[in-house]
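**Student:** Model the structure of this input:
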Amino acid sequence: MPSVTWGVVQGKKEKLVNRVKICDYLKTLGIIPDELENLELPSTVEVMSERVEFLQKLGLTIDDINEYPLMLGCSVRKNMIPVLGYLEKIGIPKLKLGEFVKNYPQVLHASVVVELAPVIKFLRGLDVEKQDIGYVLQKYPELLGFKLEGTMSTSVAYLVSIGVSPRDIGPMVTQYPYYLGMRVGTVIKPLVDYLVSLGLPKKILARVLEKRAYILGYDLEETVKPNVDCLISFGIRREAIASVIAQYPQILGLPLKAKLSSQQYFFNLKLKIDPDGFALVIEKMPQIASLNQRVLTKPIEFLLARGLPLDDVAKMVMKCPQLVALRIELMKKSYYYFKSEMGRPVKELVEFPEYFTYSLESRIKPRYLKLQSKGIRCSLNWFLNCSDQRFEERLQGDYIESESLGPSFCMGGKLELPGNDIVSDEEDVSDDEVLYRRTVSL
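**Tutor:** Residues are numbered from 1 along each chain as shown. As a prediction, this is how the structure comes out:
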């Protein structure tokens, strides 16, 4: 009668033989089994064949399997089917499951109840919308492998501590989920500290991050600091850096030297604006660094075609750089109204180029008609650069007050700041009519 020891030995021999057969089978498919040495494999070639075929039907190639051969250690019924079923349930389209596994094959090892479901619950607790969960995970599938009490929790807690609104955490995750995997001490805090050191208040920085969370992904040493140095090298004043960043945070992540060099040359070629003047233009509207030169050319050519001297057009752009980002159709309408209905000399446009940045239908026309009805003659600045309430107060006055400049906010784009700290009195204006402003006087 065979001994127990003999049975154990025979069992080990049989397993070894089966393992050799399975490895030979994988080699015939082009799969390299070297990494499977310490992995428990199925008992038969048939079971391994089932796993390979299942993965291939999912859309994975032999090359994909070779990238992460450990996925062959997952049972079709115990691992693959439950995990893939759960992923589909939480919003990942069935046709995208193969791509998802290719990008993050480790998910096949996960327990739905112990590992995956708690992460989804955590994301929902951050106010990530249910319909956005699949989108977020497709962007950053590695989230499913994070520990809840680790990096994800600390990054969220830190952002809230610097002023980010808890209700904006969810939208930030949807926009840029990668920040949940960033370490506070080595990535997020050093970036925040550096930007604050440039003069950007934490409150403003928090509003910026709420709208553009991807800024957290800009490398501090490789991109952000070199770009700040680049701005200074192009003449932007150090005390203006914070304002530039607040107006156009994306400038921190651009290939900035090449873009500024190209735009500086363009402004000098087209308008004879020198480097110092170009620096002032960038301070007032840093988005110019990214604007296509064909877009910039059209407003310039429009003004020159109206008979304005090159020097005057340059002065207008220096004073109100938003001119070069305006739509020609709207500029034409405003210009023709200025000439035909208002009958004013063109030099007034040179003195107040901001005229073009106001909506013709909702501000210029109605205010001008009120002035006409009262027989008031005043400058463009006097009746345009004020709120509706201030304008009505001026109309009721018995004299025209002097045009003293009150507190103003340098703007680099539409009348919009993170958190809506400054609100236009033209909130009901359509998108087509909302034009660029440089200043908002209180």
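**Student:** my read is residue 344 is in a helix, agree?
**Tutor:** No - according to DSSP: H, G, I helix; E, B strand; the rest coil, the state of residue 344 is coil, so it is not within a helix.
**Student:** Against residue 322, how distant is it?
**Tutor:** 21 Å (Cβ to Cβ, to the nearest Å). For the C-beta atoms, the positions are set from N, CA and C on the backbone; glycine is no exception.
**Student:** Please identify which of those two sits among more neighbours.
**Tutor:** Legend: neighbour count by other Cβ atoms under 10 Å for residue 344 and residue 322, higher for residue 322 (24 against 15).
**Student:** show me where this protein has strands.
**Tutor:** Using DSSP state E, the strands of the chain run over 413-414, 436-437.
**Student:** worst average pLDDT in those?
**Tutor:** Confidence, taken as mean pLDDT, is least for strand 436-437 of these (a mean of 30).
**Student:** any idea how far residue 138 is from residue 104?
**Tutor:** Counting by Cβ to Cβ, the gap from residue 138 to residue 104 is 10 Å.
**Student:** Oops, could you answer that again for residue 391 instead?
**Tutor:** 58 Å.
**Student:** next one: residue 325
**Tutor:** 41 Å.
**Student:** Can you pull out the low-pLDDT segments for the stretch 151-300 of the chain?
**Tutor:** Confidence mapping of the stretch 151-300 of the chain against pLDDT under 70 gives zero matching residues.
**Student:** ranges for the helices of it?
**Tutor:** Secondary structure of the stretch 151-300 of the chain by DSSP state H, counting those that start in this stretch: the helices cover 153-161, 166-175, 189-197, 202-211, 225-233, 241-247, 256-271, 275-284, 293-305.
**Student:** In terms of secondary structure, what does the fifth one contact?
**Tutor:** Taking 3 or more Cβ pairs under 8 Å, 6 or more residues apart in numbering; DSSP states H and E as contact, the helices and strands that helix 225-233 lies on are helix 241-247, helix 256-271.
**Student:** Equivalent analysis for the shortest one, please.
**Tutor:** Packing contacts for helix 241-247, counted by 3+ Cβ pairs under 8 Å, 6+ apart, involve helix 202-211, helix 225-233, helix 275-284.
**Student:** and of the ones you listed, who's closest to residue 366?
**Tutor:** Closest approach to residue 366 among the helices and strands packed on helix 241-247 (Cβ to Cβ): helix 275-284, 27.9 Å.
**Student:** Kindly calculate the angle that the closest one makes with helix 256-271.
**Tutor:** Computed with axes from the mean of the first three to the mean of the last three Cα atoms, to 10 degrees, the direction of helix 275-284 lies at 110 degrees from that of helix 256-271.
**Student:** My guess is residue 371 contacts residue 378. True?
**Tutor:** Yes - judged on Cβ atoms under 8 Å, residue 371 makes contact with residue 378 at a distance of 6.8 Å.
**Student:** which one of those two has more residues nearby?
**Tutor:** Neighbour count, other Cβ under 10 Å: between residue 371 and residue 378, residue 371 has more, with 18 against 13.
**Student:** May I have the residues that are in contact with the more buried one?
**Tutor:** 377, 378, 383, 395 (Cβ atoms under 8 Å, 6 or more residues apart in numbering).
**Student:** Residue 223 and residue 243, how far apart?
**Tutor:** For residue 223, the distance to residue 243 equals 20 Å [Cβ to Cβ].
**Student:** Settle it for me: which of those two has more neighbours?
**Tutor:** residue 243 (21 against 16).
**Student:** was I right about that one contacting residue 283?
**Tutor:** Yes - between residue 243 and residue 283 there is a contact at 6.9 Å, judged by Cβ under 8 Å.
**Student:** just to revisit the earlier point, got JSON lines for the helices and strands packed on helix 241-247, with distance to residue 28 and mean neighbour count too?
**Tutor:** Below are those laid out as JSON lines (distance: least, Cβ to Cβ, whole Å; neighbours: other Cβ atoms under 10 Å):
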{"stretch": "helix 202-211", "distance to residue 28": "53", "mean neighbour count": "20"}
{"stretch": "helix 225-233", "distance to residue 28": "52", "mean neighbour count": "17"}
{"stretch": "helix 275-284", "distance to residue 28": "63", "mean neighbour count": "19"}
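**Student:** Residue 115: which of those is closest?
**Tutor:** helix 202-211 (29.1 Å).
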